[in-house]
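# Got a sequence here, can you build the structure:
(chains A and B, ligands or ions: 3)
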Amino acid sequence: MDSGTAVADRAVAFPGSVREALDAMTACPQATLVAGGTEVMTLVNSGALRPSCLVVLDRIEELRGVWFGDQEIVLGSATTCADLMQSDVRGVLPALAQAARSIASPGVRSRATLGGNLLSGKRPGGPAAAAPTRDLLTVLVALNAVAVCRSEQGWRQLPVAELYARDGGVNLRPGELLTALRVPTCGGRQGFMKVGTRAGAARSLVTFALAADLSARTVTCAIGGFSPLAVRVDHAGQWLAEHVDWENGAIPDPTTYPRFARLIAEGLVVPGSAGPAGRTTVAVPQSYREQAAEVCARRALVRALPPAGWLEQVAQYQQRAEFVRNRARVERAERGLPPEPPVPGQMPGAQPPGGGLSRGAGA
Amino acid sequence: MSEADAGEAGAHAGAGSGGWPTVDFELTVNGAPQRVTGAWVGENLLFVLRERLGFTAVKDGCGEGECGACTVLMEGRPTTACLVPAVAATGLAIETPEVHAVPQPDPVAAALAVHAGAGCGFCLPGIGMEMRALLAHNGKPSAAAIRETLSGHRCRCLPPERFIAATRDAAKTLAHKQAQARAQADASAQDAQDAQAERELQAERELQAEPQPPHESPIYPRVPAQAGERTQPGGRARAGENDSEHEQAGARS
Ligand SMILES: Cc1cc2nc3c(=O)[nH]c(=O)nc-3n(C[C@H](O)[C@H](O)[C@H](O)COP(=O)(O)OP(=O)(O)OC[C@H]3O[C@@H](n4cnc5c(N)ncnc54)[C@H](O)[C@@H]3O)c2cc1C
Ligand code: FES
Ligand code: FES
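Ligands and ions are numbered 1, 2, ... in the order given. Sure, this is the predicted structure:
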């Protein structure tokens, strides 16, 4: 850290908008960004970090909350884990809500943010940091989320998995702010499971998330928690998609569940698929971790795709999503919250919006 | 809270000695404004509450968010104070255990004293805050809900069952108190109605009736003197409360 001479005339900034935040970051390049502060303060309290200037992000309305659109759901980066557990999110992105609920304790969740969860840990070239757990990342990878970053140079959008280097460090450029995550809407059959070091609030050993896209008839799943990264397990997803009766919304063969779980657990050691990248977060024997992965995968699959009857559930989901969409729009207007999410016009690789979110030209 | 206020906090920032920049700001603790001057930007809320402002019911256990001893309510939500930069709490309503337990313990503090009295007590202020936050939105929490809510609080002394029992007890007392308050409100509304009716009746009577002849108190009717009873000199002449008390006391003795 620099000495007193480098201290800007303001040691704290409380920007009220993304624009002001970028200005504050330019004014004080060595500033520490603080969203909820749960990771930053752990480092500060232990003496590993000595901030000389804070930019506090928790008052930026633009970055807080969830925008429910027809094509995509936009999650503001400063949305807290407690907010992610709320009923609207639970209805539309059940796996994400479950993951948020599995993180730490209510006292931490009320401050810990989505952005902080994804961005805690090492920066390229930065000091060594404790291997972070990023439980929300596993879900976002399974849901094909896109991270949206903003800097003075403009917008940058990239698949969320590409935010990280091989060793789990965060590839955020200096002066860049993570504004939001864009999640394409899908049929709502999602599952998340975590095995931690104990039953209560605990760091994860293994996390597993799964999402089925009913129109494309594909299953995407991701495993994480054993390292700072989360990885897609595509071969298992493809195998599963072939064993699903998409017509009737069922999994006819009951052995599909354990066989799928086995595939996931084996994937833990297959190089190039889900092999441990970077350092592990919690040290346990590999056999135990494999078993945990197997259990996670099986349970998440049962949650997401029970043996039968999910066509009705999908219909219900769609009704609920429609309801949430409309109500959220009205509520935003009533409470004077920003109507537009902090993202640029088009999601990369998305179809042109057919009545989707209408967006301005960006901030 | 407003951004302008929050911005003010930063405006008073200065460079402390040796690269420890300091800030002046104001916190709202238990409803009262508290000025903090010359605090390092990296100071956490726990430190500022305990060491600078003297709210020592907030306990310092781990400084990592693991133990929950430092839990306070921020805007009504349980928050581990050790993980909040104090300056970032500007403009948010902070509640510490003091406001609930001093000088009169509230139902939660009372229930903890009953069920968790055998422990050292270090974790209790934090657990109490968590319980209050839980009971504020769930009047009858299940054991599972209590366990999940309290899972971020480490207690070295007591098993979790104590805290489940304490939460249930506190919930009952709170429900009882609320019912009582409601009944009282109803009753006082009824009383007010009765009083009004009585006043009207009285006014009517006064209008109509002749002055009433003096009569004996209907509440303390004169009791015929019994054998062996002490008579108060002049007591009978003053028909009133004291008098009848003496009578009763006399009758008992
Ligand atoms: C007791 C405890 C238990 C935990 N258990 C779990 C667990 O079980 N599973 C799990 O996944 N996690 C767990 N965590 C980690 C927790 O999820 C993170 O600490 C939290 O999500 C970080 O969010 P924050 O807003 O507090 O981040 P902060 O501490 O404010 O920030 C973290 C980092 O991200 C940067 N940053 C934040 N927002 C942005 C942004 N918008 N743009 C650019 N940079 C940004 C900051 O500069 C900082 O470097 C636990 C943490 C604690 C303290
Ligand atoms: S001191 Fe804050 S949680 Fe332990
Ligand atoms: S009573 Fe001693 S730590 Fe809980």
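# For the helix ranked longest in chain A, list every residue counted as buried.
Using DSSP state H, we find that the single longest helix of chain A is helix A:310-334. Across helix A:310-334, burial judged by 16 or more other C-beta atoms under 10 Å in any protein chain shown covers A:310, A:317, A:320-321, A:324-325, A:328, A:332. Placement of C-beta: from N, CA and C, glycine included.
# repeat for stretch A:230-248
Quick answer for stretch A:230-248 (16+ other C-beta under 10 Å): A:230-234, A:236-237, A:240-241, A:244.
# Can you tell me which of the residues you listed is nearest residue A:135?
residue A:230 (8.8 Å; C-beta to C-beta).
# re the thing from before, now the buried residues of stretch A:230-248 as TSV including secondary structure?
Formatted as TSV, these follow (DSSP: H, G, I helix; E, B strand; the rest coil):
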residue	secondary structure
A:230	strand
A:231	strand
A:232	strand
A:233	coil
A:234	helix
A:236	helix
A:237	helix
A:240	helix
A:241	helix
A:244	coil
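# Need the max-distance pair from those.
Maximum pairwise distance among these (C-beta to C-beta): 22.9 Å, between A:230 and A:244.
# What's the local residue count around residue B:19?
For residue B:19, the count of nearby residues is 15 (other C-beta atoms under 10 Å in any protein chain shown).
# thought it was touching residue A:52?
Yes - between residue B:19 and residue A:52 there is a contact under C-beta atoms under 8 Å: 6.2 Å.
# so what pLDDT did the residue of the stretch 151-253 of chain B found nearest ligand 1 get?
Minimum separation of the stretch 151-253 of chain B from ligand 1 (C-beta to the nearest ligand atom) falls at residue B:152, amounting to 7.1 Å. Looking at residue B:152, its pLDDT is 92.
# Name the nearest residue to it, sequence neighbours excluded.
residue A:105 (2.0 Å; C-beta to C-beta, 6 or more residues apart in numbering or on different chains).
# so who does the one you found touch?
The contact partners of residue A:105, taken as C-beta atoms under 8 Å, 6 or more residues apart in numbering or on different chains, are A:200-201, B:65, B:68, B:80, B:151-153.
# Can you list phi and psi of the residue of the stretch 151-253 of chain B closest to ligand 1 for me?
Dihedral angles of residue B:152 (phi, psi; degrees, to the nearest 10) stand at phi -90, psi 10.
# where are the low-confidence patches of the chain?
Because you didn't say which chain, this covers chain A. A:1-9, A:124-131, A:269-282, A:349-363 (pLDDT under 70).
# wrong chain, I was asking about chain B
For chain B, the ranges with pLDDT under 70 are B:1-18, B:207-253.
# Among the contacts of residue A:105, which one has the most neighbours?
Busiest of these [other C-beta under 10 Å] is residue B:80, holding 36 neighbours.
# Leaving out sequence neighbours, find the closest residue to that one.
residue A:107 (4.1 Å).
# circling back: between the buried residues of stretch A:230-248, which is nearest residue B:162?
Relative to residue B:162, the closest of these is residue A:230; by C-beta to C-beta it sits at 38.4 Å.
# and residue B:107, how far is that from residue B:29?
To residue B:29, residue B:107 is 22 Å away according to C-beta to C-beta, to the nearest Å.
# show me where the stretch 51-200 of chain B has helices.
Using DSSP state H, counting those that start in this stretch, the helices found in the stretch 51-200 of chain B span residues B:98-101, B:107-115, B:124-137, B:143-149, B:160-208.
# OK, now which residue of chain A is nearest to chain B?
Residue nearest to chain B within chain A: residue A:105 (2.0 Å; C-beta to the nearest C-beta).
# Let's have the buried residues of stretch A:230-248 in TSV, adding distance to residue B:25.
Formatted as TSV, these follow (distance: C-beta to C-beta, whole Å):
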residue	distance to residue B:25
A:230	38
A:231	43
A:232	45
A:233	48
A:234	50
A:236	52
A:237	50
A:240	54
A:241	55
A:244	57
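# How is the chain divided into domains?
Picked chain A for this. Domain assignment for chain A by automatic domain parsing gives A:1-60, A:64-304.
# was after chain B, sorry
When chain B is cut into domains by automatic domain parsing, you get B:1-96, B:97-192.
# So which of these is nearest ligand 2?
Closest to ligand 2 of the domains of chain B is domain B:1-96 (C-beta to the nearest ligand atom; 3.2 Å).
# all helices in the stretch 251-363 of chain A, in order from the N-terminus.
A:256-267, A:286-304, A:310-334.
# Next, the angle from the longest one to helix A:286-304.
Going by axes from the mean of the first three to the mean of the last three C-alpha atoms, to 10 degrees, helix A:310-334 is angled at 80 degrees with respect to helix A:286-304.
# by contact count, what packs against helix A:310-334?
Applying 3 or more C-beta pairs under 8 Å, 6 or more residues apart in numbering or on different chains; DSSP states H and E, we find helix A:310-334 packed against strand A:66-68, helix A:87-92, strand A:189-196.
# Would you tell me whether the longest one gets close to chain B?
No - with C-beta under 8 Å from any C-beta of the partner chain as the measure, strand A:189-196 is seen stopping short of chain B, the closest distance being 10.6 Å.
# Pairing partners for the following helix or strand past that strand, with directions?
Where DSSP states H and E defines the elements, the next helix or strand beyond strand A:189-196 is strand A:204-213. Note on strand A:204-213: by DSSP bridges, its sheet partners are strand A:189-196 (antiparallel), strand A:218-224 (antiparallel).
# any idea how far strand A:204-213 is from the chain center?
Mean-position distance between strand A:204-213 and its chain equals 11 Å (C-alpha atoms, centre = their mean, to the nearest Å).
# cool, and stretch A:173-190?
The answer for stretch A:173-190 is 7 Å, by C-alpha atoms, centre = their mean.
# try stretch A:141-148
7 Å.
# Could the C-alpha coordinates of it be exported in CSV?
Extracted C-alpha coordinates of stretch A:141-148, given in CSV (Å, rounded to 0.1, in the frame of the first residue of the first chain):
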residue,chain,number,x,y,z
VAL,A,141,-21.9,-21.2,-14.8
ALA,A,142,-24.6,-23.8,-15.1
LEU,A,143,-27.1,-21.1,-16.2
ASN,A,144,-24.7,-19.7,-18.9
ALA,A,145,-24.6,-16.3,-17.2
VAL,A,146,-22.7,-13.4,-18.8
ALA,A,147,-20.8,-11.0,-16.7
VAL,A,148,-21.0,-7.3,-17.5
